[in-house]
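Novice: Please work out how this folds:
(one chain, ligands or ions: 1)
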Amino acid sequence: MSDSARESQQTQETIADRLKAHGVRLTEQRLAISRCLFARGHRHLTAEQLKDELTRQGEKVALATVYNTLHQLTKAGMIKQIVIDPQRSYFDTNTHRHHHFFIEDSGKLLDIPHERVQVRLDDCDPAQALGPEGMKITSVDVVIRVQRDPK
Ligand SMILES: [Zn+2]
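Specialist: The predicted structure is shown next:
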């Protein structure tokens, strides 16, 4: 077995183990989608972008299957969904607490470290603030929209 084949098999096993550990039932397609998604460190991708990458790698996967898998991984806590508008969602492989700049011109997301953003609700940290009656606040995700400044 070549080094790259061994390496790719190792990556595959690690991802399969991670999926199993998060309670995601394994299928060939889920594995292929996850392998592609997690292959290049932390990043933000739409389902369409991920499908294009899979197609370029010669994987035939329906967009609906990509969406289903991304939603399952989100539910399992392996990725985070960032909703920009009703037509556009990104999936973030970095599940640690952080926020985002959304570059409107290019449709790209950039991470903002959690420490750079302070959110206050009723003059306190949202973790201590009250949610709507009968609900608790689970997370605060800030998206700051930016545009290229023509100056
Ligand atoms: Zn991010």
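
Novice: Helices along this protein, start to end?
Specialist: 3-21, 28-38, 47-56, 63-75 (DSSP state H).

Novice: quick one, which of the ones you listed is nearest to Asp92?
Specialist: helix 63-75 (9.5 Å; C-beta to C-beta). C-beta: built from backbone N, CA, C; applies to glycine.

Novice: Would you mark the buried spots in the closest one?
Specialist: With burial defined by 16 or more other C-beta atoms under 10 Å, the residues of helix 63-75 counted as buried are 65-67, 69-70, 72-74.

Novice: I'd like to check the angle between that helix and helix 28-38, please.
Specialist: With axes from the mean of the first three to the mean of the last three C-alpha atoms, to 10 degrees defining the directions, helix 63-75 sits at 70 degrees from helix 28-38.

Novice: Averaged pLDDT, helix 63-75. What do you get?
Specialist: Mean per-residue pLDDT for helix 63-75: 97.

Novice: just stretch 84-104 next, same as before
Specialist: For stretch 84-104, the mean per-residue pLDDT is 94.

Novice: Now do the end-to-end distance for that stretch.
Specialist: 10 Å (C-alpha to C-alpha, to the nearest Å).

Novice: Ok, stretch 129-142 next?
Specialist: 17 Å.

Novice: That's all I had, so thanks and see you.
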